[in-house]
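>>> prediction below, plus the sequence it came from.
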Amino acid sequence: SVKIPVTKEFRAGGDDKQRTFTFTLEEVTDGTGSKVVESGTILTGTITTPTETSLKFLLSYYSRQFTVGTHRFYYRITETGTSDDALPNDQAFIAEVTVVKNEGSEEISASVKIYPKGESNELTEATFVNILTGDLKLEKIVDGGTEAQTNESFDFTIKLETGESGVALKDSYPVTITQANGSVIPTSFSITGGIISVKSVHHGESIVIHDLPIGTKWTITETQADGYIVKTAVTINDADPVKSEEVITNGQIVSGDTIVIYTNQQLYELPESGRTGTTLYTMAGLMLVLCSAAFLLYRYQKRRKEAK
């Protein structure tokens, strides 16, 4: 018999919640692992983190009748069940089992080689890595503006980095865009150099980037906000929002939802030179001062006449 070891590496960023992962071993026709043997061996096993980190599939050949010589069997190992909030692992491994029966002996010997599907580098075990993930949501609100300003579009850049040294995140991530009318558009963003450019975001719209690895450092910058006071609020998993008045916000991805709301409030504009506006206020103040002075002079002169 042979034992095929499977290990689980779960990067949870200190999250010790129990999660169960299911693995399946299926007999396949050859080392490519593309075709399953009809009525072949199928085994399943589970690993529950953080208390468990490995399992072993046991394959026994003693009940089989072998002719003298070398016999090879191939098995494909996949992760077939994953916790909802962990980035699934779609990697597969191939286990190549060699059974040898020597002439003049009833004994057989068996050995196993493990390698990633489609590769040739031999491993000692099939290791599946899962990363806990979270979502980053950006919302836009225009407060107190005219209809034209409410319809104005705004641009953002989202910078994503991972690791202590700030390595730029790459790859493509699923995205959900919700328009002001409630229409939902599923799409994806490709990250180039750790930067996502988000164009033409309107009042009432939001963008959610899904399945970002926890610990990812994010920085959001509103690139044009002239004529507005920018207010931001960052909420993590329904906690109290952290508020500021900066065009740049930043933080780290945690398990669950990170919501960043950018509210643009119209700045009050003083009337241009030559218009009424402040001129009326100045003239009114001057008239008030003159009237007060004339009244005081009148009272002074009246008292002097009465005193004579």
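Thanks, I have it.
>>> so where's this structure shaky on pLDDT?
83-88, 145-146, 148-149, 268-308 (pLDDT under 70).
>>> 80 instead?
12-15, 82-89, 144-150, 163-165, 192, 224-225, 266-308 (pLDDT under 80).
>>> and the helices in it?
With DSSP state H as the criterion, the chain has helices at 147-150, 278-307.
>>> which residues does the closest residue in space to Lys243 that isn't next to it in sequence contact?
Closest residue in space to Lys243, ignoring its immediate chain neighbours: Ala233 at 5.0 Å, by Cβ to Cβ, 6 or more residues apart in numbering. To be clear about C-beta, it is placed using only N, CA and C from the backbone, and glycine gets the same treatment. By Cβ atoms under 8 Å, 6 or more residues apart in numbering, the residues touching Ala233 are Pro241, Val242, Lys243, Val260, Ile261, Thr263.
>>> try Ala92
Applying Cβ under 8 Å, 6+ apart, the residues near Ala92 are Gly33, Arg76, Ile77, Thr78, Pro116, Lys117.
>>> of those residues, buried ones?
For these, a burial check counting by 16 or more other Cβ atoms under 10 Å picks out Gly33, Arg76, Ile77, Thr78, Lys117.
>>> ok, so of those residues, who is nearest Lys17?
Thr78 (23.7 Å; Cβ to Cβ).
>>> so who does the closest one touch?
Counting by Cβ under 8 Å, 6+ apart, Thr78 has contacts Phe23, Thr24, Glu26, Gln91, Ala92, Phe93.
>>> by neighbour count, which of the residues you listed wins?
Phe93 (24 neighbours; other Cβ atoms under 10 Å).
>>> dump the residue contacts of the residue nearest to that residue when sequence neighbours are not counted.
Closest residue to Phe93 apart from its sequence neighbours, by Cβ to Cβ, 6+ apart: Ala126 at 3.9 Å. Contacts for Ala126 (Cβ under 8 Å, 6+ apart) come out as Ile4, Pro5, Val6, Thr7, Ile77, Phe93, Ala95, Ile114.
>>> Phe10 now?
Counted by Cβ under 8 Å, 6+ apart, Phe10 has contacts Arg19, Phe21, Thr49, Pro50, Ala86, Val129, Asn130, Ile131, Leu132.
>>> the residues you listed in strands, which ones?
Arg19, Phe21, Thr49, Ala86, Val129, Asn130, Ile131, Leu132 (DSSP state E).
>>> which pair of these spans the longest distance?
Arg19 and Val129 (13.6 Å).
>>> the more surrounded of these two?
More crowded of Arg19 and Val129, by other Cβ under 10 Å: Arg19, with 20 against 13.
>>> what ranges does the stretch 1-150 of the chain have for its strands?
With DSSP state E, counting those that start in this stretch, the ranges of strands along the stretch 1-150 of the chain come out as 2-11, 19-28, 42-49, 54-59, 69-81, 86-87, 92-101, 108-116, 126-143.
>>> and Tyr61, what is it in contact with?
If you count contacts by Cβ under 8 Å, 6+ apart, then Tyr61 has Ser1, Val99, Ile108, Ala110 around it.
>>> quick revisit: hey, what's the residue nearest to Lys243 bridged with?
Beta-bridge pairing for Ala233 (DSSP bridges): Lys243, Ile261.
>>> same question for Glu222.
Assigned bridge partners for Glu222, using DSSP bridges, are Phe156.
>>> now swap in Thr162 and tell me
So, taking DSSP bridges as the rule, Thr162 has Val167 as bridge partners.
>>> now it: how far from Thr176?
22 Å (Cβ to Cβ, to the nearest Å).
>>> okay, the two: which has more neighbours?
Higher neighbour count among Thr162 and Thr176: Thr162, with 20 against 16, using other Cβ under 10 Å.
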